[in-house]
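Engineer: Curious how this folds, go ahead:
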Amino acid sequence: MDVLARQLAASITAHHLEDATFAVALSGGIDSVVLLHLLRCSLKLPPSRLRAIHVNHQINPAAAAWAAHCRRYCRELGVPLRVHKVEVARGNSTEAAARSARYEAFAKSAASVIALAHNRDDQSETVLLQLLRGAGPRGLAAMPEFRAGEPALWRPLLGVPRADIAAHARRHRLRWVEDDSNVDTAYTRNFLRHEVLPLIEQRLPGAVAVLARGARLQVEAAVLLDDLARIDLDAGSGATLRVAMLAGMPAPRARNVLRYHLRQRGLVMPDASRLDELLRQVLESREDARLQIDLGPLSARRFRGELHLVRKLPPLPAGFARAWNGRGLLQLPELGGSLEMLRAGQGGLAARWLRTLTVRARVGGERLQLHAGGPRRTLRNLLQEAALPPWQRDRLPLLFVGERLAAVPGVGVDVQFQSQRSTAGWLPRWRID
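Structural biologist: Got it, this is the predicted structure:
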């Protein structure tokens with residue numbers, strides 16, 4: 001067994017992958033060709049545990065030829081191959097769109113582990129890119145060797161120099177394809193690979209290895225910062241962040257907590273200046289200010305001393321209304337949640353009204369009388385008393401019988417539609433997705 005094969009075997013042991021099934025992300029380039037060769041021919045993994053995935057992005061004119069090459073190579077090795085043809089949106093972020101399409105294809109694999117062929121030079125380039133983007137420790141940690149998931153991601157060649165991979169390919173007379181876009185220095189990564197890093201390496205031999213080693217050190221720093229964030233949050237982040245807690249911290253710790261909170265919700269991390277602006281507005285805005293900061297799929301809102309991350313919804317269609325008989329779970333994606341009825345005692349919605357319900361959104365001016373002899377109050381005041389955040393009030397489903405408001409989840413049922421003392425009623429429950 002050669003040196004590279006021993007490194008792969010050691011990585012399998014270190015990450016407890018002895019019983020895993022692997023799918024190699026096979027682009028047809030030298031790195032992925034060598035990785036598949038090592039797993040099949042050096043480690044002797046059987047086809048029952050090893051397969052390959054090729055993603056055809058349909059961008060390069062040679063894409064069909066690359067897919068054909070991967071098919072031939074996999075037939076030679078006796079490895080099953082699945083080719084995914086994907087559509088990639090063209091524009092300023094074509095690279096990012098292609099990457100997203102690849103990972104969506106990987107997620108469909110039946111294998112427990114996706115094997116990626118990133119090498120030490122790729123890691124060094126990523127560290128330098130992240131450094132130039134002003135990334136913190138998590139960004140500078142670059143690519144992890146192993147990331148748990150379904151499927152997990154595994155980069156067993158991450159500590160291997162590109163030159164060693166090329167030597168293995170020549171020694172075993174392997175054939176691969178060359179992507180001409182990899183030499184186009186209009187792409188920042190290629191500019192660093194072909195012009196900047198060779199110059200640095202010439203002046204400072206071993207610099208590429210040092211950059212990759214720095215990524216491993218940053219992993220430790222990132223883990224410690226997450227531990228600190230969890231301590232500051234006292235056993236973890238909840239659905240919201242208390243503004244007073246952030247205000248009582250030194251700015252670096254507050255930023256660390258905020259980054260951790262955003263990452264726990266799957267957000268792409270904003271750059272340092274945007275994160276600083278978010279923290280400043282959260283801390284300095286008036287208590288009654290309707291703070292709303294765009295964070296991609298979510299927006300940051302402040303309400304009653306807490307920072308909320310709220311999913312953005314498209315505008316409601318004009319005249320939105322849905323008929324409902326009160327049965328089962330009513331999905332209302334337009335309002336951002338689902339509605340169901342729970343059995344209640346006196347004061348719930350009488351069963352005879354369930355067949356005639358219409359669900360609508362607020363338009364303003366609605367009123368409810370919750371108690372016999374009590375006043376008929378505006379829904380606006382009732383929602384304020386219920387401490388419902390403003391952005392939820394406009395998407396709250398209202399239940400009408402004809403043109404009369406009958407019930408509002410979390411508020412109550414109008415006396416005209418309430419069940420009597422001898423009969424059970426129903427209360428609507430609203431669940432936000």
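Engineer: which of the residues in the helix or strand harbouring Arg259 are buried?
Structural biologist: According to DSSP states H and E, Arg259 maps onto helix 251-264. If you call a residue buried by 16 or more other C-beta atoms under 10 Å, then helix 251-264 has these buried ones: 253-262. To be clear about C-beta, it is placed using only N, CA and C from the backbone, and glycine gets the same treatment.
Engineer: Could you count how many residues lie near Arg367?
Structural biologist: Other residues within reach of Arg367, judged by other C-beta atoms under 10 Å, total 15.
Engineer: I'd assumed Arg380 was in contact with it.
Structural biologist: No - Arg367 lies out of contact with Arg380 (C-beta atoms under 8 Å); the separation is 9.4 Å.
Engineer: C-alpha coordinates for stretch 406-417, CSV please?
Structural biologist: C-alpha atoms of stretch 406-417 as CSV (Å, rounded to 0.1, in the frame of the first residue of the first chain):
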residue,chain,number,x,y,z
ALA,A,406,-65.9,34.6,14.6
ALA,A,407,-62.5,33.6,16.1
VAL,A,408,-58.8,34.5,16.2
PRO,A,409,-56.1,32.0,17.2
GLY,A,410,-54.5,33.0,20.6
VAL,A,411,-57.2,35.7,21.2
GLY,A,412,-60.6,34.0,21.5
VAL,A,413,-64.0,33.4,20.0
ASP,A,414,-66.7,36.0,19.5
VAL,A,415,-69.7,35.5,21.9
GLN,A,416,-72.1,35.0,19.0
PHE,A,417,-70.3,31.9,17.9
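Engineer: Need the residues that contact it.
Structural biologist: 339, 347-350, 353, 357, 368-372, 374, 379, 382-383, 386, 388, 396-401, 404-405, 425, 427-430 (C-beta atoms under 8 Å, 6 or more residues apart in numbering).
Engineer: Mind giving me the PyMOL command for buried ones among the residues you listed?
Structural biologist: Of the contacts of stretch 406-417, the buried ones go into a single PyMOL selection, burial set by 16+ other C-beta under 10 Å:
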select buried, resi 339+347+348+349+350+353+357+368+369+370+379+382+383+388+396+397+398+399+400+401+405+425+427+428+430
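Engineer: Now stretch 162-174: average pLDDT?
Structural biologist: Mean pLDDT, stretch 162-174: 95.
Engineer: What ranges does the stretch 101-250 of the chain have for its helices?
Structural biologist: Assigned by DSSP state H, counting those that start in this stretch, the stretch 101-250 of the chain shows helices spanning 120-132, 137-140, 162-171, 188-191, 197-203, 207-232, 243-247.
Engineer: Quick one, grab the pLDDT at Gln381.
Structural biologist: That one is not Gln; residue 381 is Asn. 93.
Engineer: so how far is Leu4 from Ala117?
Structural biologist: Per C-beta to C-beta, to the nearest Å, Ala117 is found 12 Å from Leu4.
Engineer: Now for these two: what residues contact both?
Structural biologist: Common neighbours of Ala117 and Leu4 (C-beta under 8 Å, 6+ apart) are 34, 157.
Engineer: more crowded one of those two?
Structural biologist: The neighbour count for Ala117 versus Leu4, taken as other C-beta under 10 Å, is higher for Ala117 (24 against 20).
Engineer: what's near enough to touch that one?
Structural biologist: Applying C-beta under 8 Å, 6+ apart, the residues contacting Ala117 are 24-25, 27, 29, 31-32, 34-35, 155, 157.
Engineer: Out of those residues, name the ones that lie in strands.
Structural biologist: Among the contacts of Ala117, the ones falling in strands (DSSP state E) are 24-25.
Engineer: Serialize the contacts of Ala117 to JSON lines and add fields for neighbour count and distance to Leu298.
Structural biologist: Formatted as JSON lines, the contacts of Ala117 follow (neighbours: other C-beta atoms under 10 Å; distance: C-beta to C-beta, whole Å):
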{"residue": "Val24", "neighbour count": "29", "distance to Leu298": "35"}
{"residue": "Ala25", "neighbour count": "23", "distance to Leu298": "30"}
{"residue": "Ser27", "neighbour count": "22", "distance to Leu298": "33"}
{"residue": "Gly29", "neighbour count": "15", "distance to Leu298": "36"}
{"residue": "Asp31", "neighbour count": "23", "distance to Leu298": "36"}
{"residue": "Ser32", "neighbour count": "25", "distance to Leu298": "35"}
{"residue": "Val34", "neighbour count": "25", "distance to Leu298": "41"}
{"residue": "Leu35", "neighbour count": "28", "distance to Leu298": "37"}
{"residue": "Arg155", "neighbour count": "22", "distance to Leu298": "30"}
{"residue": "Leu157", "neighbour count": "28", "distance to Leu298": "36"}
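Engineer: What is the nearest of the contacts of Ala117 to Ala247?
Structural biologist: Arg155 (40.7 Å; C-beta to C-beta).
Engineer: State the pLDDT value of the closest one.
Structural biologist: pLDDT, read off for Arg155, is 96.
Engineer: Test my guess that it contacts Arg120.
Structural biologist: No - Arg155 is not in contact with Arg120 according to C-beta under 8 Å; the separation is 10.3 Å.
Engineer: that older thread, and the angle for the helix holding Arg259 with helix 207-232?
Structural biologist: Interaxial angle, helix 251-264 versus helix 207-232 (axes from the mean of the first three to the mean of the last three C-alpha atoms, to 10 degrees): 90 degrees.
Engineer: Tell me the spacing between His168 and Ala254.
Structural biologist: Taking C-beta to C-beta, one finds His168 at 49 Å from Ala254.
Engineer: Can you tell me, leaving aside adjacent residues, what's nearest to Arg138?
Structural biologist: Distances taken as C-beta to C-beta, 6 or more residues apart in numbering place Ala222 nearest to Arg138, at 4.3 Å, with adjacent residues excluded.
Engineer: Could you tell me how many residues sit around Ala64?
Structural biologist: Ala64: 12 neighbours (other C-beta under 10 Å).
Engineer: mind checking which helix or strand it is in?
Structural biologist: Using DSSP H and E, Ala64 maps to helix 63-77.
Engineer: Counting by contacts, list what that helix packs against.
Structural biologist: Counting contacts by 3 or more C-beta pairs under 8 Å, 6 or more residues apart in numbering; DSSP states H and E, helix 63-77 packs against helix 30-37, strand 50-56, strand 81-85.
Engineer: Could you report the neighbour count for the closest residue to Arg355 other than its chain neighbours?
Structural biologist: Once flanking residues are discounted, Arg355 sits nearest to Asn325: 5.5 Å by C-beta to C-beta, 6+ apart. Residues contacting Asn325 under the criterion other C-beta under 10 Å number 11.
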